[in-house]
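Colleague: Need coordinates for the following:
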Amino acid sequence: MMRLVFLLSLFLVFQATFGQEIEFMEVPPPEQPKEDTSTISTYCFDPQPEFPGGREEVIKCLSENIAYPQIAIDRKLSGKIIAIVTIDPDGRVVDVKIENGMPDCPECEEEVIRGICSMPDWIPTKQKGKTTRSYVTIPVTFSAE
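Modeller: You can find the predicted model right below:
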């Protein structure tokens, strides 16, 4: 008898908990994430991040650190790679994204990323007296001629 009462109680609890009809409702699509306003683009503020020694030193540094991949030499591949470089508030290169690459030569793109990541620190952008994250666009041209 005790067992029957226990089973009946268990059935009623189960029915009360899980026997409810499920209502379906429309769920609106998720909101698009808002743009991160904590990152400042260098196109809006002066001075922009600077490489110590200026543009000539950027060219010198990249020409010393980026090698023409052998596969590109063998295939006589030429092209221009546009890299978007993120400079953190300490002046370090923290991210490199290829904006426009060489689809026939992923090794060239990898070499550009490796070479840019090996650059020394930049002088970061300042906004209202505080250094801030910024972006720099760096074009790199490979020429088989």
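
Colleague: Which pLDDT value does the model give residue 113?
Modeller: Here, the pLDDT recorded for residue 113 equals 97.

Colleague: which non-adjacent residue is nearest it?
Modeller: residue 96 (4.7 Å; CB to CB, 6 or more residues apart in numbering). Where you see a C-beta, it was placed from the backbone N, CA and C, and this is true even at glycine.

Colleague: That neighbour belongs to a strand, doesn't it?
Modeller: Yes: the assignment for residue 96 by DSSP: H, G, I helix; E, B strand; the rest coil puts it in a strand.

Colleague: And the helices in the protein?
Modeller: Taking DSSP state H as the test, the helices found in the chain are 2-18, 55-65, 70-75, 106-117.

Colleague: Report the beta-bridge partners for the residue nearest to residue 113.
Modeller: residue 85 (DSSP bridges).

Colleague: Tell me where the model's unsure across the chain.
Modeller: 1-46 (pLDDT under 70).

Colleague: picking up where we left off before, could you check how many residues crowd around the residue nearest to residue 113?
Modeller: 19 (other CB atoms under 10 Å).

Colleague: And the closest residue to residue 86 other than its chain neighbours, how far from residue 135?
Modeller: Distances taken as CB to CB, 6+ apart put residue 95 closest to residue 86, at 3.9 Å, once the chain neighbours are dropped. Distance, residue 95 to residue 135, using CB to CB, to the nearest Å: 9 Å.

Colleague: who touches both of those two?
Modeller: With contacts defined as CB atoms under 8 Å, 6 or more residues apart in numbering, the residues shared by residue 95 and residue 135 are 85-86.
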